[in-house]
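S.K.: Predicted model, plus sequence, below.
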Amino acid sequence: MRGLLLLFTLHFSGAPRGDSWFAADKAKHFFASAFVQSTSFSLLRAGGVGRRDALRGATVVSSAVAVGKELYDMRFGGDPSLKDLAWDGAGIAAATVLLRHTQP
């Protein structure tokens, strides 16, 4: 429910000033999310979780971090952005594709 509230708030509040689709901030979102995805996956695998479940768990963790960051921005004066979330999702997806093709 909070996720839907965040999406509606971000959608109807307008984009933050200077929120371009292609900016250094978007690259940071992409690579930070890919890093969280890879690290979460590695920690889950090291804990004995199967590959498929580790990918799912890492995706949940990475998504929670991304949404949490935007909620933090919304509450504490940052610039919450759907574009940031899109780049977070792209980073998570890219890391997932790479992780699916690694050796078991």
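M.R.: Thanks, I have it.
S.K.: out of all of them, which helix in this protein is the longest?
M.R.: In the chain, assigned by DSSP state H, the helix with the most residues is helix 51-75.
S.K.: what's next to that one, contact-wise?
M.R.: Here helix 51-75 makes contact (Cβ atoms under 8 Å, 6 or more residues apart in numbering) with 2-3, 6, 9-10, 29, 33, 36-38, 40-41, 44-45, 49, 78-81, 84-85, 88-89, 91-92, 95-96, 99-100, 104. C-beta here means a position set from N, CA and C on the backbone, and glycine is covered the same way.
S.K.: One more pass at 6 Å, please.
M.R.: Helix 51-75 is contacted by residues 33, 36, 37, 40, 41, 44, 45, 79, 80, 85, 88, 92 when judged by Cβ atoms under 6 Å, 6 or more residues apart in numbering.
S.K.: Strands of the chain, start to end?
M.R.: In the chain, no strands are found when defined by DSSP state E.
S.K.: residue ranges with poor pLDDT in it?
M.R.: Counting by pLDDT under 70, the chain contains low-confidence residues at 1-17.
S.K.: change it to 50
M.R.: Flagging of the chain using pLDDT under 50 yields the residue ranges 4, 6-8, 10-15.
S.K.: where exactly do the helices run in it?
M.R.: Remark: helices assigned in the chain by DSSP H are 2-13, 24-46, 51-75, 82-100.
S.K.: how about these in TSV, adding mean neighbour count?
M.R.: Below are those laid out as TSV (neighbours: other Cβ atoms under 10 Å):
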stretch	mean neighbour count
helix 2-13	12
helix 24-46	18
helix 51-75	17
helix 82-100	19
